[in-house]
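**Student:** model this:
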Amino acid sequence: MNNKTSIMGADVLLRNEESSLQGYQESELLRHYLQAAISDNTRKAYQSAIRQFEKWGGRLPSDRDTVVRYLLAKAESLNPRTLDLHLTAISQWHRYQGISDPVRDSLVRKTMEGIRRSHGCPKKKAKALRLDHIAQMVNYLRSLPGSNKKRRDTALVLTGFFGAFRRSELVSIQVSDLVWEPEGLIIRLPRSKTDQQATGLVRALPFGEHSSCCPASAIKAWIENADIAKGPLFRPVNRWDQVQSKRLNPGAINNLLKSLGKACQFDFVPELSSHSFRRGLSTSAARERVDFELIKKQGGWRNDATVWEYIEEGQQFSDNASRILMDRVASLMAEANLNSNCS
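**Tutor:** Got it, this is the predicted structure:
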């Protein structure tokens, strides 16, 4: 009897352990999927916002009055867009904990709206690179002695511009993402900033008639000379011109653009960033009257309004009411002068 009871007790204990193990595995799986629901960059931004809130003196969970005091304390020192991010981070923390969200309170919302109206300012935009800027950069690079860094930088500039890539996309390109075709190169990325469901991103870079400004040809020259057969496409190159195995840091792209801008004596170097590629491709294409759908496709934009904004920026001088009226005024002035000379 005692032996049977002992066996039954062992069976119950084993079932409890199996149930506990299953529960642990499920919780780990749940944690994995919850983390995957938010991009790493967004998670880091939220974590930074929470740290700043706590450094100021805030605690989680929080309440309406504390959040309002935080907004009042930071209204003049932080950009309203930064404060919006902080509110989102605080709100997300409370929602995922199943706790009442103080950010949804009407007093918090009204306070934030007042801060936006009082301290809001236009968002600083990266300088859009024009075709002549790209030509100057590439010509400068071509004038340098042959090196791995020269070939990498040339490939990076041409690929970033003509592919309208974000810097996070550029540094994430793997050699295995390259598909070579007789007409050019197709780059297939498993995911991007606006493709968090991993449906995939595709950019086609046709071979150009002139290899000097062809991104596909530049990439081929880079990987062949650097003997890169697998792994990251764009990599650091040290002071001895040795190619490293790790991928390039995203911040290095901004540094490269600023360095090239100085070398080319551009007067807008502080305004240069990796986003200058995307804005440059779209506005330059608009000036050349490239079709809307082609611009949208090459940049991978999902929002039509964003594309139209770039097109309007690129055509703001050519499609301008003042230009038509100035031509008419000039015509009237010429007629008046002609009549005056005749009389």
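
**Student:** excluding its backbone neighbours, what's nearest Arg287?
**Tutor:** Using C-beta to C-beta, 6 or more residues apart in numbering and skipping the chain neighbours, the partner closest in space to Arg287 is Gly314 (4.7 Å). C-betas here are computed from N, CA, C, even on glycine.

**Student:** Show the model's pLDDT score for that neighbour.
**Tutor:** Among the per-residue scores, Gly314 holds a pLDDT of 88.

**Student:** any idea how far Asn303 lies from Lys124?
**Tutor:** To Lys124, Asn303 is 20 Å away according to C-beta to C-beta, to the nearest Å.

**Student:** Alpha carbons of stretch 113-130, as PDB, please.
**Tutor:** Taking C-alpha atoms only, stretch 113-130 is exported to PDB below (Å, rounded to 0.1, in the frame of the first residue of the first chain):
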ATOM      1  CA  GLU A 113      -1.100  69.700 -27.100                       C
ATOM      2  CA  GLY A 114      -0.300  73.000 -25.600                       C
ATOM      3  CA  ILE A 115       3.400  72.200 -25.600                       C
ATOM      4  CA  ARG A 116       3.200  71.300 -29.300                       C
ATOM      5  CA  ARG A 117       1.500  74.600 -30.100                       C
ATOM      6  CA  SER A 118       3.900  76.600 -27.900                       C
ATOM      7  CA  HIS A 119       7.300  74.900 -28.700                       C
ATOM      8  CA  GLY A 120       6.700  73.000 -31.900                       C
ATOM      9  CA  CYS A 121       9.100  73.700 -34.800                       C
ATOM     10  CA  PRO A 122       9.500  72.200 -38.300                       C
ATOM     11  CA  LYS A 123      11.300  68.900 -38.300                       C
ATOM     12  CA  LYS A 124      14.800  69.200 -39.600                       C
ATOM     13  CA  LYS A 125      15.200  67.400 -42.900                       C
ATOM     14  CA  ALA A 126      18.300  65.900 -44.400                       C
ATOM     15  CA  LYS A 127      19.800  67.700 -47.400                       C
ATOM     16  CA  ALA A 128      18.500  66.000 -50.600                       C
ATOM     17  CA  LEU A 129      21.500  65.100 -52.700                       C
ATOM     18  CA  ARG A 130      21.200  66.200 -56.300                       C
END
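
**Student:** list the buried ones in it?
**Tutor:** By neighbour count with 16 or more other C-beta atoms under 10 Å, stretch 113-130 contains the buried residues 115, 126-129.

**Student:** Identify the farthest-apart pair in those.
**Tutor:** In those, two members sit farther apart than any others by C-beta to C-beta. They are Ile115 and Leu129, at 34.0 Å.

**Student:** Just confirm Ser211 contacts Ser217, I think it does.
**Tutor:** Yes. Using C-beta atoms under 8 Å as the test, Ser211 is close enough to Ser217 to be in contact (4.3 Å).

**Student:** And these two? Which one has more around it.
**Tutor:** Each of Ser211 and Ser217 had its neighbours counted (other C-beta atoms under 10 Å), and the higher figure belongs to Ser217 (20 against 12).

**Student:** what helix or strand does the more buried one sit in?
**Tutor:** Using DSSP states H and E, Ser217 maps to helix 215-226.

**Student:** any idea how far Ala155 is from Phe161?
**Tutor:** 11 Å.

**Student:** anything in contact with each of these two?
**Tutor:** Residues touching both Ala155 and Phe161 (C-beta atoms under 8 Å, 6 or more residues apart in numbering) are Pro215.

**Student:** need the helices for the stretch 51-200 of the chain, in chain order.
**Tutor:** Listed in chain order, the helices found in the stretch 51-200 of the chain under DSSP state H, counting those that start in this stretch are 64-74, 80-96, 106-119, 131-142, 148-162, 167-172.

**Student:** Could you single out the most deeply buried of the ones you listed?
**Tutor:** With neighbours defined as mean count of other C-beta atoms under 10 Å, these peak in mean count at helix 148-162, which reaches a mean of 23.

**Student:** tell me the mean pLDDT over that helix?
**Tutor:** For helix 148-162, mean pLDDT is 96.

**Student:** Provide the count of other residues in contact range of the closest residue to Leu85 other than its chain neighbours.
**Tutor:** The spatial neighbour of Leu85 that comes closest, neighbours along the chain excluded (C-beta to C-beta, 6+ apart), is Ala49 at 5.6 Å. Ala49 sits with 21 neighbouring residues when counted by other C-beta under 10 Å.
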